[in-house]
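Colleague: this is a predicted model, with the sequence first.
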Amino acid sequence: MILSISGVVLFGIIVFVFFRKDGLKPSHACVSALFGFYLASTAIAPSIKAGGESLASLLGGVRF
């Protein structure tokens, strides 16, 4: 649950930065959001979630 909320916040910040700096149009942001919702209901969603979790654990294990 924490990873999901953090991911949403992270991607929200990225979209906001693209909107402000790179000229992301609101229509592009809406299409991207709809694509994410539709992608979440497909058969590939568990693989994407597992990949995100493994990336998060990899980044969590990095020591500086």
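Modeller: Nice, thanks for sending it over. Numbers count the residues shown, from 1 in each chain.
Colleague: can we go C-alpha only for contacts and neighbour counts from here?
Modeller: Fine.
Colleague: pretty sure residue 19 is touching residue 28, no?
Modeller: No: with contact defined as C-alpha atoms under 8 Å, residue 19 does not reach residue 28; the gap is 9.4 Å.
Colleague: where do the helices sit along this protein?
Modeller: 2-21, 26-40, 45-60 (DSSP state H).
Colleague: now tabulate the ones you listed in JSON lines and tack on mean pLDDT and mean neighbour count.
Modeller: Conversion of the helices of the chain to JSON lines gives the following (pLDDT from 0 to 100; neighbours: other C-alpha atoms under 10 Å):
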{"stretch": "helix 2-21", "mean pLDDT": "72", "mean neighbour count": "12"}
{"stretch": "helix 26-40", "mean pLDDT": "78", "mean neighbour count": "12"}
{"stretch": "helix 45-60", "mean pLDDT": "85", "mean neighbour count": "12"}
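Colleague: for residue 34, see how far away the spatially closest residue to residue 25 that is not a sequence neighbour is.
Modeller: Nearest-residue entry for residue 25: residue 19, 6.5 Å, with adjacent residues in sequence omitted and distances by C-alpha to C-alpha, 6 or more residues apart in numbering. From residue 19 across to residue 34, the span is 17 Å (C-alpha to C-alpha, to the nearest Å).
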